[in-house]
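Student: Predicted model and sequence follow; I will ask about them next.
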Amino acid sequence: MQDNVVLTARGITMTFPGVKALSNVDFTLRKGEIHALMGENGAGKSTLIKCLTGINDFEAGEIRVDGIDGPVRNHSTKDAQAVGISTVYQEVNLCPNLSVAENLFIGREPMTRFHTVDRRSYNKRSQKIMDELGISVDVTQNLENYSLAIQQMVAIARAVDMECKVLILDEPTSSLDDEEVEKLFTLMRNLRDKGVGIIFVTHFLEQVYAVCDRITVLRDGQLVGEYPIAELPRVKLVAAMMGKNLDDLAEIQKESIEDVSKNELEISARGLSHTGTVKPFDLDIHKGEVVGIAGLLGSGRSELARSIYGADKASTGTLKVAGKEVKINQPIDAMNLGMGMLPDDRKAEGIIGDLSVRENIILALQAKRGMFNQLPRAKQEEIADRYIDLVQIKTASKETLVKQLSGGNQQKVILARWLATDPDFLILDEPTRGIDVGTKSEIQKMIVKLAGEGKSILFISSEISEMLRTCNRMAIMRDGEKVGELDHDLTQENVMKAIAGGEQTHE
């Protein structure tokens, strides 16, 4: 291996049924560096990490680790730890009911000559480890007595004491506040100075630029590039992740969208937040207006929508619907106020696969009526027929199980479900993700048509171009915070600059 390189992956290829998750991906980690692994959802970050740690059995390529002759093929996380690769995940997988010291040495406890656990020895060794890493804890206390940040640091300390050469941190800061993040960064810098190579997976741009030395970007299972941090300004990082060429940004032809800023307000949020996911935000949406939420995955787009809809109960702030202050504790409250929400994960939160197209379409309407006020079967069939025709759902019959439909048609079923409730306000979270171009175009036209009929729409999409075609205005999210709005200057370049943090495109 080259000097100063601790891990290389070359030509890693991994296929899941029907999907090439990684295609000939290279990755290089040096000793004593913090290396960000970046990419949008589905880029291949998690798959690459699972290949490195023995969870995935990749089909082509090789991995090499410093100090080990020949390629390394891990078949489990235990194999990976044996060659010096350790991973700490967002959800700490330690035992909260055991002490810090017991967690540090679980499975490798020092023994006395009488073959009993030498508690005195491992308490002493544990305190020394924590002191050396600058982690202020009493190792005899149960892990559950400490914050999530400290628990993650204990998990990191355990990995370090097991002599890891490569430390993978997978979204470790998602649930931490700013002060806890800074403590974690101090520990990461200490480990970097000791020569540990750290792979840092995060969605937070600010954190990448605060702590990392180098960035590797993946997109659609392929390597986009590896960059020293100083050579990749934020706006270029966003462009690399989203697959846009900033030197050749085509102007999007916007269909004529009328000015609705003088219309009555349908939604008015003030200081609304949800602890740990989205910071307090203000947002107004007028009748007949389409407001887009732009930002990278993990920026808080979906969380903002969920806090309005009550899928995540708001921690602070007030919400007015049609001028009247309301309290929304759960989605049924939102539905009764004339709201609908198409979630981003249609499989987990949208369709019910073992029910028919008809049953899926009438689901929300039936929920509003209550379980003791059943819709007559003839009425159900009438509604299903009407919306199958309206949104052009391709199905053999309204009695076909929805799981037998294509992804795009499943998405149309969920859209039909909400349209059947005749909502005044509709939240569409990634309504066109993973569906064909023709269906995308149909859904975009439907959004504009619904707005023309006076409905208010909150539209979230990773594709800026489709929001530019449909939105009157865009709110910009970054790191869980609404950082601004764009209305008059809605161009792809301006939106991407706002997402990145306002840096200039050209140095």
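Tutor: Structure's in. What do you need? Residues are numbered from 1 along each chain as shown.

Student: Helices along the stretch 401-507 of the chain, start to end?
Tutor: 407-419, 437-452, 464-470, 492-500 (DSSP state H, counting those that start in this stretch).

Student: Run through the chain and note the low-pLDDT ranges.
Tutor: Along the chain, the parts satisfying pLDDT under 70 run over 1, 17-19, 41-42, 90-91, 107, 174-175, 244-258, 345-348, 434-439, 502-507.

Student: So which residue is smack in the middle of this structure?
Tutor: Centrality entry for the chain: nearest residue to the mean C-alpha point is residue 298, 3.9 Å, by Cα atoms, centre = their mean.

Student: Confirm that it sits in a helix.
Tutor: No: using DSSP: H, G, I helix; E, B strand; the rest coil, the assignment for residue 298 is coil, not a helix.

Student: Ignoring the adjacent residues along the chain, who's closest to it?
Tutor: residue 203 (2.6 Å; Cβ to Cβ, 6 or more residues apart in numbering). Heads up, the C-betas are built off the backbone N, CA and C, glycines and all.

Student: One more: residue 363?
Tutor: The spatial neighbour of residue 363 that comes closest, neighbours along the chain excluded (Cβ to Cβ, 6+ apart), is residue 417 at 5.7 Å.

Student: and the one you found, how many neighbours?
Tutor: Using other Cβ atoms under 10 Å, residue 417 is surrounded by 23 other residues.

Student: distance of residue 113 from residue 121?
Tutor: 12 Å (Cβ to Cβ, to the nearest Å).

Student: Comparing these two, which residue is more hemmed in?
Tutor: Each of residue 113 and residue 121 has its neighbours counted (other Cβ under 10 Å); residue 121 has more, 15 against 6.

Student: ok, the more buried one to residue 106 distance?
Tutor: Noted for residue 121: a distance of 15 Å to residue 106, by Cβ to Cβ.

Student: so how far is the helix or strand harbouring residue 382 from its chain's centroid?
Tutor: Element membership for residue 382 (DSSP states H and E) is helix 377-390. Centroid displacement of helix 377-390 relative to its chain, using Cα atoms, centre = their mean, to the nearest Å, is 35 Å.

Student: mind listing what's buried in it?
Tutor: Within helix 377-390, the residues that count as buried by 16 or more other Cβ atoms under 10 Å are 380, 383, 384, 387, 388.

Student: any idea how far residue 488 is from the residue nearest to the first one when sequence neighbours are not counted?
Tutor: The shortest distance from residue 380 to any residue other than its chain neighbours is 4.9 Å, reached at residue 362 (Cβ to Cβ, 6+ apart). As defined by Cβ to Cβ, residue 362 lies at a distance of 42 Å from residue 488.

Student: Distance to residue 318 added to the buried residues of helix 377-390, as a markdown table?
Tutor: Converted to a markdown table, those look like this (distance: Cβ to Cβ, whole Å):
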| residue | distance to residue 318 |
| --- | --- |
| 380 | 38 |
| 383 | 35 |
| 384 | 38 |
| 387 | 34 |
| 388 | 39 |
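
Student: Specify which member of those residues is nearest to residue 264.
Tutor: Distance to residue 264 across those (Cβ to Cβ) is lowest for residue 387, with 27.4 Å.

Student: what's the spacing between the residue nearest to residue 298 and residue 154?
Tutor: 24 Å.

Student: before we move on, what about residue 488?
Tutor: 51 Å.

Student: These two: which is more packed in?
Tutor: The neighbour count for residue 488 versus residue 154, taken as other Cβ under 10 Å, is higher for residue 154 (26 against 6).

Student: how distant is the helix or strand encompassing the more buried one from the center of its chain?
Tutor: Using DSSP H and E, residue 154 sits in helix 148-161. Distance of helix 148-161 from its chain centroid, counting by Cα atoms, centre = their mean, is 23 Å.

Student: Point out the other helices and strands that that helix packs with.
Tutor: Counting contacts by 3 or more Cβ pairs under 8 Å, 6 or more residues apart in numbering; DSSP states H and E, helix 148-161 packs against strand 85-89, helix 100-104, helix 119-132, strand 166-170, helix 178-193.
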